[in-house]
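Asker: Got a predicted model here, sequence first, then my questions.
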Amino acid sequence: MRDRLVELGGVPTKEHREEDQVDSGEDVDSGEFEQHAVVFEGEDVMEEVLREAQSIQKEITQLRVEVKKLGKQNTRFLTSVRRMSSIKRDSNSIARNIKTKGEKLYARIQKMDKLCKDLEEKHGAHSALTRMVRGQFISITGSFHEAMNEYNCAEMVQRDNCKTRIQRQAEIMGKEVTGDQIEEMIETGKWNVFSDDLLTDGRTARSALNEIENRHKELLELESRIRDIHDLFFQLALLVEEQGLMVNNIEANVHATQDFVAKAAAKIGEAVRYQKKNPCRQLFCCCFPCCNK
């Protein structure tokens with residue numbers, strides 16, 4: 001019988017063969033396994049929503065730029081020496097542009113709201129896709145609401161500026177009027193309190209009266225602009241109120257989660273203390289002090 005011990009000693013074992021394959025740099029993944037891209041359900045919808053959200057946020061930023069421009073025009077209304085007709089024309093143009101952009105943005109936000117409701121019916125209110133889309137919708141609506149509030153504040157400042165100029169011109173004519181009296185005159189359109197005692201040869205007084213009448217027209221145009229956009233403000237307020245309930249629910253869930261985590265942490269700490277006080281463990285540590293680390 002031949003002695004094959006030497007030959008058997010030269011045959012590599014299975015473990016050695018595997019180590020040799022690894023050491024030789026053989027790419028196991030490329031040879032034996034195929035890589036597949038993981039596609040999550042609704043990923044295409046989420047990408048489309050993110051693109052739309054970024055586009056809307058960009059439009060909202062441009063809207064805020066227009067609102068700031070309108071605010072600067074309102075400031076010039078009291079300090080500029082230019083003709084008021086030129087300033088008023090610029091303000092009206094900016095306000096119309098804001099109104100147009102606001103209506104278009106609101107229409108796009110409504111479409112996203114409809115998409116959220118459709119996803120909620122299809123996938124459920126607690127699905128990841130629905131919650132992500134709803135989060136984008138809430139963020140966009142909040143930004144749009146802030147921008148429109150800034151616009152409303154700018155128009156209210158312009159209204160106060162008109163009233164201030166009316167009071168100035170009334171003082172030039174020697175009349176003392178309060179803010180409430182001006183409000184009443186604006187509503188009724190009766191400015192005869194300034195013209196009853198007007199002297200025929202008073203050029204300054206007549207110029208002041210003409211200024212008051214022009215400011216009254218400006219106020220009427222301003223209130224007309226506000227009325228035109230009133231429906232948009234109303235619909236937006238309803239949308240924000242509906243979101244407020246959702247945000248409150250989210251906040252309540254977050255607080256509940258925090259309470260649960262705090263209780264779980266307390267339970268873990270209590271379990272650790274019980275483990276340290278375990279008599280079996282203490283006996284083991286006494287017998288084998290080197291293991292008590």
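Answerer: That came through fine.
Asker: measure Leu209 to Arg215 for me?
Answerer: Separation of Leu209 from Arg215 (CB to CB, to the nearest Å): 11 Å. The way it works is simple: take the backbone N, C-alpha and C, and place the C-beta from them, glycine included.
Asker: Identify the contacts common to those two.
Answerer: Counting by CB atoms under 8 Å, 6 or more residues apart in numbering, the shared contacts of Leu209 and Arg215 are Gln169.
Asker: If you count surrounding residues, which of the two has more?
Answerer: Neighbours of Leu209 and Arg215, each counted by other CB atoms under 10 Å, are more numerous for Arg215; the result is 23 against 19.
Asker: quick one: which helix or strand includes the more buried one?
Answerer: Assigned by DSSP states H and E, Arg215 belongs to helix 203-228.
Asker: what's that helix packed up against?
Answerer: helix 84-123, helix 128-172, helix 179-188, helix 192-195 (3 or more CB pairs under 8 Å, 6 or more residues apart in numbering; DSSP states H and E).
Asker: check contacts around Asn92.
Answerer: Contacts of Asn92 (CB under 8 Å, 6+ apart): 221, 225.
Asker: do you know how far Val65 is from Ile186?
Answerer: Using CB to CB, Val65 is found at 31 Å from Ile186.
Asker: Look at these two and report which has more neighbours.
Answerer: Ile186 (19 against 11).
Asker: The closest residue to that one other than its chain neighbours and Asp180, how far apart?
Answerer: Nearest non-adjacent residue to Ile186, counting by CB to CB, 6 or more residues apart in numbering: Leu219, 5.5 Å away. The spacing between Leu219 and Asp180, counted by CB to CB, is 15 Å.
Asker: who has more neighbours, those two?
Answerer: Neighbour count, other CB under 10 Å: between Leu219 and Asp180, Leu219 has more, with 19 against 8.
Asker: Spell out the secondary structure type for Ala125.
Answerer: Following DSSP: H, G, I helix; E, B strand; the rest coil, Ala125 is assigned to coil.
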